[in-house]
Structure formats: structure tokens, C-alpha cells
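Colleague: okay, predicted coordinates and the sequence, questions at the end:
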Amino acid sequence: MFGFSDMPKFLFSFLLVLPLVSLVHQLGHSIMAIFFGGRVDFTIGKGKTIFKWRKIKIKSVYFLDSFCAYEKLKYDNRFTHACVYAGGAIANLTSIFLINGLVIADILSASLFSYQFVYFSVYYIVFSLLPIKFTETTSSDGRAIYDALRYGKITCNPD
């Protein structure tokens, strides 16, 4: 049962771990876009902008969402766009291996943070790769990968 005593763990997860996993996911998209010659706008959260540096924005409700948008890639083809869409899941998977490797090597202790970080990373991977079309203009990363590879359909806003 979830009780009042679980609130500190919930707040830790909701306000720290989940946004960090989301940040890793969006960094994956951004790094892939930059790797293929794109310019990236990176936003963490929703609401009023509280910090801005170049193309990076942090919003007041930082834990709610994050996203990146990229301009045309220098290496512009179906495969490179599919790689950008897959970049978030790849970054989450890489972070899972990194955290687990550090725990196995006894560099990082198994803790609430490491457990929840891996748990939410798996969550992000699974749900981002489900091939779902949300609206006419937005879809999951999995659907964007499919559309890019199959139809050459490119959207420069991976979520």
C-alpha cells in the first residue's frame, strides 16, 4: 500500500529521478541530431522560462516534460533521421548499462536512486518505442522511426 510514509520516496522519484531520466532521453536525441549536423533547441519542462542559455531553456515546471527540436540535418536521409528518433532510447539504454556497470563494479552502491533510475529508464525506452501516432503531427519515437524508414516522413521534433 502507498501511504504517507512513502511521500519522500515519491517526491524524490518525481522531482529528481524522473526528470533526470527524461533529460538523458532528450540529450540522446540532441546528441544524435548534432552528430548528423543539425542545430538543436533543447527545452526542459513546461511553463515560464526561468533559465536560458543559447538554445537551452529550463522552464519553471521542470519535471513535467522535456523536448528537443532540430533543424535540417547536414546528413539528411531516412536513416539519419531514424537515428535521431532512436537517440533517446539509445541514451536511456546506455545509461542503464552505465549505472548497472558501476553498481556491479562496486563504484556506485545499489540504492533507491540506482534502482529507480534504471526502472524509469526502462519505462522510457518501452513507451517511447511503441509505434503510436498521438495526433496527425505527433507520434512516439517508435512510430517516427517507422515512418522515416518506411515512408521517408521526417518530423524535426522527436519527443
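Modeller: Perfect, I can see it now.
Colleague: quick one, what contacts the closest residue in space to Thr49 that isn't next to it in sequence?
Modeller: The shortest distance from Thr49 to any non-neighbouring residue, by Cβ to Cβ, 6 or more residues apart in numbering, is to Lys57 (5.2 Å). Any C-beta I mention is one placed from the backbone N, CA and C, and that applies to glycine too. Taking Cβ atoms under 8 Å, 6 or more residues apart in numbering as the criterion, Lys57 is in contact with 41-44, 49, 51.
Colleague: what's downstream of the helix or strand hosting Lys57, the next helix or strand?
Modeller: If you go by DSSP states H and E, Lys57 is part of strand 56-70. Later in the chain than strand 56-70, the nearest helix or strand by DSSP H and E is helix 78-104.
Colleague: and Ala69, what pLDDT?
Modeller: Reading off the confidence values, Ala69 has pLDDT 89.
Colleague: these two touch, right, it and Arg39?
Modeller: No: applying Cβ atoms under 8 Å, one finds Ala69 not in contact with Arg39, separated by 9.5 Å.
Colleague: more crowded one of the two?
Modeller: Each of Ala69 and Arg39 has its neighbours counted (other Cβ atoms under 10 Å); Ala69 has more, 19 against 13.
Colleague: ok and the strand holding Lys57 relative to helix 78-104, angle-wise?
Modeller: What separates the directions of strand 56-70 and helix 78-104 is an angle of 130 degrees, with axes from the mean of the first three to the mean of the last three Cα atoms, to 10 degrees.
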